[in-house]
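predicted structure and sequence below. I'll ask about it afterward.
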Amino acid sequence: MDIDTTADLAAAAWTLPLDQIDVSNPHLYQQDCWQPYFARLRQEDPVHLTENGMYGTYWSVTRYHDIMQVDSSHQTFSSDATMGGIAIRDVPMDARRPSFISMDPPKHDEQRKIVSPIVAPMNLAKLSGTIRERVIQILDNLPRNETFDWVERVAVELTTQMLATLFDFPFEERRKLTYWSNVATVNTRAGTEIDSEAKRDAVLQEAVVYFKELWDQRAKEPPRADLISMLAHGEATRDLPSRPHEFLGNLLLLIVGGNDTTRNSISGGLWALSQNPDQFRKLRENPNLIPSLVPEIIRYQSPVIHMRRTALTDTELAGKHIKKGDKVVMWYISGNRDSTAIENADDFIIDRPRARQHLSFGFGIHRCVGNRLAEMQLAILWEELLKRIHRIEVVGEPKRLYSNLLRGINSLPVRIPA
């Protein structure tokens, strides 16, 4: 799509021949003009074949209920890394990093079971006090009458602190986790210094070395309630270091899952409220709306744009014939705006009935293991912010990530009047 302006890019959604629409183009998400492309696909071709797009040939699944069907049918649609994994980007076999999200049962179930206690209700109750203390400290240290970056000072800092706690990672070196997460998810076409898989792997080897030292220490000690110890002592995972690609894959899954998605919902939520002042006013007048605000932020932001599956057999979806081996992409960002399933889906409504009816956490066996922790961090942040900050002004546009996987916000300038 060689189009000059964002307005032209958005307008092209309705004028391009249908077979030329390629929603894998990360520019659509960086410029935040993806909405009309999916509106058209949902209306005219909800299971849409793109041939020879930026990321190859693939099916786009764009409606809520069709996405649920694919996500819930792991017997038909595989997540396994050997089949292609969970991202639209095809990676050479020798560069793939399997993790339990990119595995099918029974191996998926065995590995996921090892880490799931970290977000069990009893442990979440223990973590809530720690989160609240850190939120209060972060908010109380924000400057007044001065423009600062909400992403850096709040979203990244809170989620990185939480991640360090979950791993029991050296707290003073916690920003290594942020850096590794950024490197793991950066699009190599984005114009950063990470412009090839080779450069990405070189940086991530630092993570492997660092985590291997922590792993060896925890393996010698009695089991503890942190992710590294759980993995090091888990029957299905204790030998992960002997499979370096899988070792790194699982570490990165937990780092990215515990960091990027929550931090982008923290920033996306403030942006959405600033763009909908009636909803912000409603929230200030009634903080009891936070339990519905949080899932509405997560739906509206859709921090994970897509997940990919590969067809294990010939099948049919919404009248389309999908062949064994075909790449099938669930566009969560589109399903969350499907007005046939969610009323007024394009609107940000903080007291929405059935607010948790969204696709952002996925469905079926791969539903996000940390969804309750993400919701808890957002809820506590807004509870404490409303107590402390009467007004917060967004004073510039967000700078968005060049990505078709994560709907990321790199910076958001804000100001708190004294």
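That came in fine, so what should we check first?

strands of the stretch 1-150 of the chain, start to end?
Counting by DSSP state E, counting those that start in this stretch, one finds strands in the stretch 1-150 of the chain at the ranges 47-53, 56-61, 77-78, 147-149.

can you report how many residues lie near D19?
For D19, the count of nearby residues is 11 (other Cβ atoms under 10 Å). (Glycine included, C-beta is placed from N, CA and C.)

before we move on, back to that, for L177, find the nearest of the strands of the stretch 1-150 of the chain.
strand 147-149 (18.8 Å; Cβ to Cβ).

of all the residues in stretch 378-395, which ones are buried?
For stretch 378-395, burial by neighbour count (16 or more other Cβ atoms under 10 Å) applies to 378-382, 384-385, 392, 394.

ok so, going back, now, of the strands of the stretch 1-150 of the chain, which is deepest in the fold?
Neighbour counts (mean count of other Cβ atoms under 10 Å) averaged over each of the strands of the stretch 1-150 of the chain peak at strand 77-78, with a mean of 25.

average pLDDT across it?
For strand 77-78, the mean pLDDT works out to 98.

residues contacting it, please?
70-71, 84, 104, 309-312, 328 (Cβ atoms under 8 Å, 6 or more residues apart in numbering).

repeat the analysis, applying 7 Å as the threshold.
Strand 77-78 has contacts (Cβ atoms under 7 Å, 6 or more residues apart in numbering) with 70, 104, 309-312, 328.

and if you look at stretch 374-392?
Contacts of stretch 374-392 (Cβ under 7 Å, 6+ apart): 124, 128, 131-132, 135-136, 139-140, 158, 162, 261-262, 265-266, 269, 284, 287, 290, 293-295, 297, 414, 416-417.

and what of stretch 336-343?
Residues contacting stretch 336-343 (Cβ under 7 Å, 6+ apart): 35, 38, 42, 63-65, 299, 302, 345-346, 357-360.

likewise for stretch 47-65?
21-25, 38, 41-42, 46, 66-67, 70, 88-90, 317-318, 320, 322, 326-331, 334-335, 338, 340-342, 359.

so of the residues you listed, which ones are in helices?
Residues of the contacts of stretch 47-65 located in helices (DSSP state H): 38, 41-42, 66-67, 70, 334-335.

farthest pair within these?
F38 and V70 (15.9 Å).

returning to what we had before: which of the contacts of stretch 336-343 are buried?
For the contacts of stretch 336-343, buried by 16+ other Cβ under 10 Å: 38, 42, 63-64, 299, 302, 345, 358-360.

which secondary structure element of the chain has the lowest mean pLDDT?
helix 6-11 (a mean of 84; mean pLDDT, DSSP states H and E).
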